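Enquirer: sequence plus the predicted model coming up.
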Amino acid sequence: MEVDFVYISSIIVAIMFVSLAIFQVLLTLGYPFGEFTLGGYYKILPKKFRIVSAVSALILLFMGLVFLKHSNVLNGLDILPTNILVWIIIISLGLMTLANLISQSKKERHTMTPLSGVAFILCLFIALS
């Protein structure tokens with residue numbers, strides 16, 4: 001039995017994106033996790049940033065869907081240009097990782113930098129395979 005690392009990596013990436021989407025929903029609902037995002041300036045996000053978190057949650061779910069489709073974990077949705085979307089996501093993740101790395105928030109640096117970095121590496125592996 002051969003192990004398909006791209007298939008497994010895509011599932012891991014999707015789980016990471018869903019987990020981050022849940023985190024964004026919690027921020028949207030006013031949970032006190034603001035120190036882990038947006039530079040850590042707010043413990044509880046103001047309403048205008050909660051809208052940003054809600055949109056981020058939807059984008060993260062879409063990103064997971066793109067990688068599941070790109071690696072054929074999901075069938076259908078053939079209209080999605082996954083080759084282009086995958087590279088847009090990878091570039092975004094690279095920039096997010098750098099932004100998290102230089103964040104003023106210690107909590108954001110120590111949690112979100114590794115998460116976005118691992119997601120970046122896995123997504124790059126998937127795209128290059």
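Expert: Looks like it arrived, so ask away. Residues are numbered from 1 along each chain as shown.

Enquirer: count the residues that sit near residue 75.
Expert: Other residues near residue 75 come to 8 when the count uses other C-beta atoms under 10 Å. From N, CA and C alone the C-beta is placed, and that goes for glycine too.

Enquirer: which SS state does it fall under?
Expert: Under DSSP: H, G, I helix; E, B strand; the rest coil, the three-state class of residue 75 is coil.

Enquirer: for residue 76, report the pLDDT, please.
Expert: On pLDDT, residue 76 comes in at 83.

Enquirer: which residues touch the residue nearest to it when sequence neighbours are not counted?
Expert: Leaving aside its sequence neighbours, residue 76 sits nearest to residue 69 (C-beta to C-beta, 6 or more residues apart in numbering; 7.9 Å). Counting by C-beta atoms under 8 Å, 6 or more residues apart in numbering, residue 69 touches 76, 77, 80, 82.

Enquirer: residue 69: helix or strand, and which one exactly?
Expert: Residue 69 belongs to helix 47-70 when assigned by DSSP states H and E.
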